[in-house]
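Novice: Need a 3D model of the sequence below.
(one chain, ligands or ions: 3)
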Amino acid sequence: MRTLNVALGDRTYPIHIGRGLLDRAELILPHLKTKRVAIVTNDVVGPLYLGRLRTTLEAAGVRVASVVLPDGEAHKDWPTLNLIFDMLLQERCERSTTLVALGGGVVGDMGGFAAACYQRGMPFIQIPTTLLAQVDSSVGGKTAINHPLGKNMIGAFYQPKLVLADIDTLATLPARELSAGLAEVIKYGLIRDTAFLDWLERDLERLTAREPEALAHAIEVSCRNKAEVVAADETEQGERALLNLGHTFGHAIETGLGYGEWLHGEAVAAGTMMAAELSRRLGWLDEAGVARIAALFERAALPVRGPTLGAERYLELMAHDKKVEAGRLRLVLLRALGKGVIHGEAPQADIAAAIEACCG
Ligand SMILES: NC(=O)c1ccc[n+]([C@@H]2O[C@H](COP(=O)([O-])OP(=O)(O)OC[C@H]3O[C@@H](n4cnc5c(N)ncnc54)[C@H](O)[C@@H]3O)[C@@H](O)[C@H]2O)c1
Ligand SMILES: O=C(O)C(=O)C[C@@H](O)[C@H](O)[C@H](O)COP(=O)(O)O
Ligand SMILES: [Zn+2]
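Specialist: Ligands and ions are numbered 1, 2, ... in the order given. Okay, here's the model as predicted:
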């Protein structure tokens, strides 16, 4: 097992990465305030892993309540969030009960938001079961639901007490979902880690083949990068925005097509190509650099072109982005491969041209 820490003073928490962790109550018990947990999962992950986690906890004397949400990004909404509150109240969960999110990023984001709200804050543990959640969404405390007008628009920063990433759960993950996770993995290389980018260019097929050692390495390096950024800028006043590479365009794709039509990672990949193309137009990347990014995404079976919504529609959707300041769009672009920057000066015509060049 490998362990990293997200250094946030007295809210510092560990990320454990390894195999067979769902069976290890001793990793969870030190982080419970009382011997009560409420597990939030969904109707895909529940049948696979809820019973096992429940057995682990109950054998250690923990009282377990649970709720099984409908699966999918289309359910990352108010009515589904309310199912969590219904369960917490029906089970008379207390402020000291720990909410455990068992699932991918959707369950993690919603579980975390529910934990932030229930009785104004209950402790919360992330047990991510997708690659995307193990490398990204379970770490850093961004929690949210979607709004029809924008992705993750209603939410809170709320850190977990523990992240437990059991790599064995990735064995049941559909290939398309594994690819979606790779989009966020590649992101870390592009924004701040050229050594990792080199490793990915060499070893990507070890990840698509789900070699446990390669997966553990990619999860560890991704989480180390994310933990460093979050520790330096927890609430995204500055450099944390780099973790949004490709997301302003990508969120427009997700919202524009309807949530769940494209996977988040797929939209991020196509959005990253738009950011790369804009960086080229600004003179920061050359064609070979853009081609290197596209080649990595293609090897990961990810889209490198977005849907044809029209640049005007993209820009309309992008105007809701959380990085917009005083009405000005701020985008994460690439000064070079491995060097992300936040830039608010790109001419609208160049942004539109970059979008059109990467669609269809
Ligand atoms: N909070 C953050 O920092 C952050 C970061 C990145 C993404 N996100 C959010 O995360 C979400 C995407 O997360 P995701 O890609 O994990 O999607 P997801 O949660 O929808 O999971 C993908 C699919 O895999 C299923 N699944 C999960 N674990 C499985 C397993 N082990 N075996 C088989 N099937 C399994 C799920 O039920 C779902 O159908 C988006 O809503 C995105 O906005 C948040
Ligand atoms: O943790 C972050 O910060 C990120 O930006 C990680 C992203 O991968 C993630 O998709 C996040 O939810 C997007 O943030 P948002 O603030 O644009 O909703
Ligand atoms: Zn993301």
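
Novice: quick one, strands of the stretch 201-350 of the chain?
Specialist: 331-336, 339-343 (DSSP state E, counting those that start in this stretch).

Novice: wait, which of those is closest to ligand 1?
Specialist: strand 331-336 (14.1 Å; CB to the nearest ligand atom). From N, CA and C alone the C-beta is placed, and that goes for glycine too.

Novice: What is that closest one packed up against?
Specialist: helix 175-192, helix 247-257, helix 264-281, strand 339-343 (3 or more CB pairs under 8 Å, 6 or more residues apart in numbering; DSSP states H and E).

Novice: Go through that strand and flag the buried ones.
Specialist: The neighbour-count check on strand 331-336 (16 or more other CB atoms under 10 Å) flags 331, 332, 333, 334 as buried.

Novice: Describe which strands that strand pairs with in its sheet and in which direction.
Specialist: Using DSSP bridges, the strands paired with strand 331-336 in its sheet are strand 339-343 (antiparallel).

Novice: Other residues contacting the partner strand?
Specialist: 190-192, 238-239, 241-242, 245, 282, 323, 330-335 (CB atoms under 8 Å, 6 or more residues apart in numbering).

Novice: separation between residue 41 and residue 16?
Specialist: Counting by CB to CB, to the nearest Å, the gap between residue 41 and residue 16 amounts to 19 Å.

Novice: out of the two, which sits in the busier spot?
Specialist: The residue with more neighbours, out of residue 41 and residue 16, is residue 41; 26 against 17, by other CB atoms under 10 Å.

Novice: residue contacts, that one?
Specialist: When contacts are counted by CB under 8 Å, 6+ apart, residue 41 touches 49, 50, 66, 67, 68, 69, 101, 102, 103, 107.

Novice: Spell out the secondary structure type for the third one.
Specialist: Taking DSSP: H, G, I helix; E, B strand; the rest coil as the rule, one finds residue 66 in the strand state.

Novice: what do you get for residue 146?
Specialist: Applying three-state DSSP: residue 146 is strand.

Novice: what's the spacing between the nearest residue to residue 313 once chain neighbours are set aside and ligand 2?
Specialist: Counting by CB to CB, 6 or more residues apart in numbering, residue 313 lies nearest to residue 256, which is 6.2 Å off, once chain neighbours are set aside. Counting by CB to the nearest ligand atom, to the nearest Å, the gap from residue 256 to ligand 2 is 15 Å.

Novice: how much space between residue 92 and ligand 1?
Specialist: 28 Å.

Novice: just residue 26 next, same as before
Specialist: Distance, residue 26 to ligand 1, by CB to the nearest ligand atom: 22 Å.

Novice: what's the offset of the helix or strand hosting that residue from the middle of its chain?
Specialist: Residue 26 belongs to helix 25-28 when assigned by DSSP states H and E. Here helix 25-28 is found 24 Å from its chain centre; the criterion is CA atoms, centre = their mean, to the nearest Å.

Novice: Residue 168: what secondary structure?
Specialist: Residue 168 is classified as helix under three-state DSSP.

Novice: ok, and the closest non-adjacent residue to it?
Specialist: Nearest non-adjacent residue to residue 168, counting by CB to CB, 6+ apart: residue 19, 5.1 Å away.

Novice: What does the pLDDT read for that neighbour?
Specialist: Residue 19 carries a pLDDT value of 97.

Novice: if we can go back for a sec, could you point out which of the buried residues of strand 331-336 is nearest to ligand 2?
Specialist: Distance to ligand 2 across the buried residues of strand 331-336 (CB to the nearest ligand atom) is lowest for residue 332, with 9.1 Å.

Novice: I figured the closest one hits residue 248, correct?
Specialist: Yes: in terms of CB atoms under 8 Å, residue 332 counts as a neighbour of residue 248; the distance is 7.4 Å.

Novice: any residues in contact with both of these two?
Specialist: Shared contacts of residue 332 and residue 248 (CB under 8 Å, 6+ apart): residue 275.

Novice: which parts of this protein sit against ligand 2?
Specialist: Contact residues (CB under 6 Å from any ligand atom) of the chain with ligand 2: 136, 140, 142, 151, 152, 184, 236, 240, 243, 244, 247, 322.

Novice: What does the third one show for phi and psi?
Specialist: Which is residue 142. Here is the backbone geometry of residue 142 (degrees, to the nearest 10): phi -80, psi 120.

Novice: For the residue of the stretch 51-200 of the chain found nearest ligand 2, which non-adjacent residue is closest in space?
Specialist: Of all residues in the stretch 51-200 of the chain, residue 152 sits closest to ligand 2, at 3.3 Å by CB to the nearest ligand atom. Nearest residue to residue 152, sequence neighbours excluded (CB to CB, 6+ apart): residue 144, at 3.7 Å.
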